[in-house]
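Enquirer: how would this look folded up:
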Amino acid sequence: MVQSKAPAPKTLRLYVFDCGVLKRGEPTAYGLTRAQVGQTDFADACYLVAHPRGTLLWDVGIIPDDQVKAGGVEVQAANGTNTAKTTLRSQLAAIGYSARDITYLALSHGHADHVANANEYAGSTLLFRRAPVLQAVGLQDERPPRLEDCDWTLRFGLADGELVVQPVVAAAIEISNRPSAPKIYSGCEILAAKWQKEFAAGHLTAPLYHRLKAYLHLERGLAALTAGRRGKALYYWTRSWLERPRMTWHASPGSQQVEPARRAIPRD
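Expert: Purely as a prediction, here's the structure:
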């Protein structure tokens, strides 16, 4: 019988879930022989740490819950078979938890047998080690105000990072002061120089490079419009279109009041 929502525990608790089995024939890839290990299958476990201050889910299984049917499922893998008899979702529900109750999500590493249900926990805070990411991508460059996130995300992609955009769970828009037009122009020049070097080095394809340049011209145009210089805005937007002709536009100068979100959008 499925319990109602679990109350916050008074003491630390650890739950261990059956998240599947990896059926593998030979352990030689791990420097072991069949005689040494006997059983060559791997148990795939997930863990829930329940604390008075929140919950942490460690690893999320080998097969997505939506693929696990009554009686279990087997999926062929490159070096064997992956199996699961029950879902992580149902095991959490049995002790009174759902995806929206998970405060933090942590993954031991990015292999497929540990991340299958990660999308279910898009509303949780993902914990990861900063060092490997920053070593590959570097720190955020704060010089181009408003544009620093675009710069870092591009470098993340160039470092072979995979960016997965999840549906919005909840959003609250806060009003803040937009950087002045001269600061936006300066930031665009910084990024234009950076991206030109990446293009010359062969790290950016020509279509992507022109799309990025079109984006910078769009930002210059928005800055000009916010400063009341409509003619200059039209000039930059025309240059943006010439870099990448298109039929749709998305432009918001950030000068209008936006009503804050009143409540979080419920997750299904």
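Enquirer: Ala112: neighbouring residues, count only.
Expert: Residues lying near Ala112 (other C-beta atoms under 10 Å) number 12. For glycine as for every other residue, the C-beta is placed from the backbone atoms N, C-alpha and C.
Enquirer: should've said Asn79
Expert: Neighbour number of Asn79 under other C-beta under 10 Å is 11.
Enquirer: how many other residues sit next to the nearest residue to it once chain neighbours are set aside?
Expert: Distances taken as C-beta to C-beta, 6 or more residues apart in numbering place Arg24 nearest to Asn79, at 6.3 Å, with adjacent residues excluded. Counted with other C-beta under 10 Å, the neighbours of Arg24 add up to 16.
Enquirer: begin at 51 from now on, thanks
Expert: New numbering, starting at 51: the last item is Arg74.
Enquirer: mind listing what Arg74 touches?
Expert: Shown in contact with Arg74 (C-beta atoms under 8 Å, 6 or more residues apart in numbering): Thr90, Asp91, Phe92, Asn129, Gly130.
Enquirer: for the residue nearest to the last one when sequence neighbours are not counted, give its distance to Gly111.
Expert: Excluding the flanking residues, the one nearest Gly130 by C-beta to C-beta, 6+ apart is Arg74, at 4.3 Å. Summarising the geometry, the distance separating Arg74 from Gly111, computed by C-beta to C-beta, to the nearest Å, is 17 Å.
Enquirer: before we move on, what SS does the residue of the chain positioned farthest from its centre have?
Expert: The centre of the chain is farthest from one residue, Ala85, which by C-alpha atoms, centre = their mean lies 42.1 Å away. Three-state call for Ala85 (DSSP: H, G, I helix; E, B strand; the rest coil): helix.
Enquirer: what do you get for Val71?
Expert: Taking three-state DSSP as the rule, one finds Val71 in the strand state.
Enquirer: could you report the neighbour count for it?
Expert: Val71: 20 surrounding residues under other C-beta under 10 Å.
Enquirer: the residue nearest to Gly130 and Leu82, how far apart?
Expert: Distance of Arg74 to Leu82, given as C-beta to C-beta: 11 Å.
Enquirer: residue ranges with poor pLDDT in the stretch 101-250 of the chain?
Expert: For the stretch 101-250 of the chain, the stretches with pLDDT under 70 are 213-227.
Enquirer: much appreciated, bye for now.
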